[in-house]
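Chemist: Got a sequence here, can you model it:
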Amino acid sequence: MLALGFSAGLPLLLVFGTLSFWLREAGVDRTTIGFLSWVGLAYGFKWVWSPLVDRLPIPLLTSYFGRRRSWLLLSQMIIMTALTMMALTDPTRALAPMVWCAVAVAFGSATQDIALDAFRIESADAEHQAALAATYQAGYRLAMIWAGAGALWIAARAEVPGAALYQYSAWRTAYLVMAVSMLPGVLTVLLSREPAHLPQPPARNAAEWLQSALIAPFSDFLGRYGWHAALILALIASYRISDVVMGIMANPFYVDMGFSKDEVAAISKGFGVVMTLLGAFVGGVLALRLGVMRVLMLGAALSAASNLLFAWLGTRGHDLSALVLVISADNLSSGIASAAFIAYLSSLTNVQYSATQYALFSSMMLLLPKFLAGFSGQFVDHFGYSTFFTVTACLGLPVLVLVWLASRIKTASSPD
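Modeler: Model (predicted):
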């Protein structure tokens, strides 16, 4: 799970945070960068093809590696190839090929997430899911350090001293290294065992296959939760809205505030992710002691409040101490929220439909936030960073109400 979490976490920043830093440094305007974040809608729609990943065999690969490992290998190959193509594309000369490569990375990464979530859920019983999720998150966050701080650090080291501020060759080197960094995940899949999964009766025709692959996972969820499913899905769809919408403009904000690649790498992408790991650990401990729903409430409140610190940071100028304080608070709260949220999502799934149901939940988590984030650059251009960060904090207020309602439903429907 540590190595596979690393493989899952690596592509995300390379088509969002790190890419937005690259594009802003290359002179791409904020509005365009905001709209390019819609590449991430691939994560929001992965539930559409998750039934295929759950049930459809890949010729040759599935017979040799098994259902989960074959899809993991295919998605990893897509990611490595697309990252290599991104490295060989200069956005100042041709932005469209860069966008299509980023779409391919996001599609491959979303597919890998589908197969990996099922792999994780099927690899152990419910009692061990929290441990697997924590280890997965550790690998995921380590990859984010590497894809964020590591990529910026490599790009800074590859620059020619005294040359222009933007040097394409430096970013090319960084992204080629990132493509190679997918290899540990590939090797882990090759050396791992295919997890045991519940045998599915063979479909006698196409209609029966569609029923078992597409309809059954969703009808199972609705059947188990009834009308409460609408509230649960609303909570899932909005829980991360504050930090996801804000996050698209974070790196352009750092560039516009005059922070260098080394400073952002060390503080935001390095130290910040370490604080997220600490937050994930704290969130896991609190969830065991206080319960998942209480920590969900705490994480939602902290995530929204931390966005106000970015509005304050915008008044400080190039202030490294203030940046450390803001990044510490923001990433600590994000880690607490993530740990509880993953445990909550995992608890909602039926192991018989683990890939499809978890893909539905994790897709809905990003769909609305990513859509709204596409307008973030346009909003900043019209109203400024301070207003933008304040508004994103306010977006988290309805989430508190949803968590409260969901916690009451859980209590009301419990056997007690």
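
Chemist: CA only for contacts and neighbour counts going forward, please
Modeler: OK.

Chemist: The stretch 251-400 of the chain: strands as residue ranges?
Modeler: Counting by DSSP state E, counting those that start in this stretch, the stretch 251-400 of the chain forms no strands at all.

Chemist: Could you list the low-pLDDT ranges of it?
Modeler: Residues of the stretch 251-400 of the chain meeting the criterion pLDDT under 70: 269-270, 351-356, 358-359.

Chemist: run the last query once more with 80
Modeler: For the stretch 251-400 of the chain, residues meeting the criterion pLDDT under 80 lie at 268-274, 276-277, 284, 287-288, 342-343, 345-366.

Chemist: The stretch 101-250 of the chain now?
Modeler: Within the stretch 101-250 of the chain, the segments meeting pLDDT under 80 span 121-134, 137, 141, 162-165, 195-227.

Chemist: all helices of it, in order?
Modeler: 129-145, 151-158, 168-180, 183-191, 206-210, 216-225, 228-238, 241-247, 250-256 (DSSP state H, counting those that start in this stretch).

Chemist: what's the neighbour count on residue 160?
Modeler: Counted with other C-alpha atoms under 10 Å, residues neighbouring residue 160 total 12.

Chemist: And it, its phi and psi?
Modeler: Backbone torsions of residue 160, given as degrees, to the nearest 10, read phi -90, psi 120.

Chemist: Quickly note the distance from it to residue 177.
Modeler: 18 Å (C-alpha to C-alpha, to the nearest Å).

Chemist: and if you look at residue 282?
Modeler: Counting by C-alpha to C-alpha, the separation of residue 282 from residue 177 is 32 Å.

Chemist: As JSON lines, the helices of the stretch 101-250 of the chain with distance to residue 311 and mean neighbour count would be great.
Modeler: Putting the helices of the stretch 101-250 of the chain into JSON lines (distance: least, C-alpha to C-alpha, whole Å; neighbours: other C-alpha atoms under 10 Å) gives the following:
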{"stretch": "helix 129-145", "distance to residue 311": "24", "mean neighbour count": "23"}
{"stretch": "helix 151-158", "distance to residue 311": "24", "mean neighbour count": "21"}
{"stretch": "helix 168-180", "distance to residue 311": "29", "mean neighbour count": "20"}
{"stretch": "helix 183-191", "distance to residue 311": "38", "mean neighbour count": "16"}
{"stretch": "helix 206-210", "distance to residue 311": "49", "mean neighbour count": "13"}
{"stretch": "helix 216-225", "distance to residue 311": "40", "mean neighbour count": "15"}
{"stretch": "helix 228-238", "distance to residue 311": "22", "mean neighbour count": "18"}
{"stretch": "helix 241-247", "distance to residue 311": "11", "mean neighbour count": "24"}
{"stretch": "helix 250-256", "distance to residue 311": "11", "mean neighbour count": "20"}
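
Chemist: if we compare the ones you listed, which one ends up closest to residue 77?
Modeler: helix 183-191 (8.4 Å; C-alpha to C-alpha).

Chemist: elements contacting that closest one?
Modeler: helix 2-14, helix 67-87 (3 or more C-alpha pairs under 8 Å, 6 or more residues apart in numbering; DSSP states H and E).

Chemist: Contacts made by the last one with the rest, please.
Modeler: What it means is helix 67-87. 11, 53-55, 57-58, 61-62, 97-98, 101-102, 104-106, 108-109, 111-112, 115-116, 118-119, 171-176, 178-180, 182, 185-186, 189-190, 194-195 (C-alpha atoms under 8 Å, 6 or more residues apart in numbering).

Chemist: quick one on the thing from earlier: switch the helices of the stretch 101-250 of the chain over to a markdown table; also include distance to residue 273.
Modeler: Below are the helices of the stretch 101-250 of the chain laid out as a markdown table (distance: least, C-alpha to C-alpha, whole Å):
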| stretch | distance to residue 273 |
| --- | --- |
| helix 129-145 | 6 |
| helix 151-158 | 14 |
| helix 168-180 | 17 |
| helix 183-191 | 20 |
| helix 206-210 | 41 |
| helix 216-225 | 34 |
| helix 228-238 | 23 |
| helix 241-247 | 14 |
| helix 250-256 | 14 |
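
Chemist: wait, which of those helices is closest to residue 37?
Modeler: Going by C-alpha to C-alpha, the one of the helices of the stretch 101-250 of the chain nearest residue 37 is helix 241-247, 9.8 Å.

Chemist: Tell me which of the helices of the stretch 101-250 of the chain approaches residue 47 most closely.
Modeler: helix 216-225 (10.5 Å).

Chemist: Run a quick neighbour tally on residue 226.
Modeler: Neighbours of residue 226 using other C-alpha under 10 Å come to 11.

Chemist: quick one, what contacts it?
Modeler: By C-alpha under 8 Å, 6+ apart, the contact set of residue 226 is empty.

Chemist: tell me the phi and psi of it?
Modeler: phi 60, psi -140.

Chemist: can you tell me how far it sits from residue 287?
Modeler: The separation that residue 226 has from residue 287, given C-alpha to C-alpha, amounts to 26 Å.

Chemist: Please name the nearest non-neighbouring residue to residue 30.
Modeler: Nearest in space to residue 30, with sequence neighbours left out and distances taken as C-alpha to C-alpha, 6 or more residues apart in numbering, is residue 377 at 4.6 Å.

Chemist: The one you found contacts residue 37, doesn't it?
Modeler: No: with contact taken as C-alpha atoms under 8 Å, residue 377 and residue 37 are classed as non-touching, separated by 9.8 Å.

Chemist: Which one's more surrounded, the two?
Modeler: Taking other C-alpha under 10 Å, residue 377 and residue 37 do not tie; residue 37 has more neighbours (27 against 24).

Chemist: How much space separates the closest residue to that one other than its chain neighbours from residue 121?
Modeler: Nearest residue to residue 37, sequence neighbours excluded (C-alpha to C-alpha, 6+ apart): residue 374, at 5.6 Å. Residue 374 sits 32 Å away from residue 121, going by C-alpha to C-alpha.

Chemist: cool, residue 32 as well?
Modeler: Taken as C-alpha to C-alpha, the span from residue 32 to residue 121 is 38 Å.

Chemist: When these two are compared, which one has more neighbours?
Modeler: The residue with more neighbours, out of residue 32 and residue 121, is residue 121; 23 against 17, by other C-alpha under 10 Å.

Chemist: quick one: the more buried one and residue 31, what's the gap?
Modeler: Residue 121 is 39 Å from residue 31, by C-alpha to C-alpha.

Chemist: go on, residue 7?
Modeler: Distance from residue 7 to residue 31, by C-alpha to C-alpha: 30 Å.
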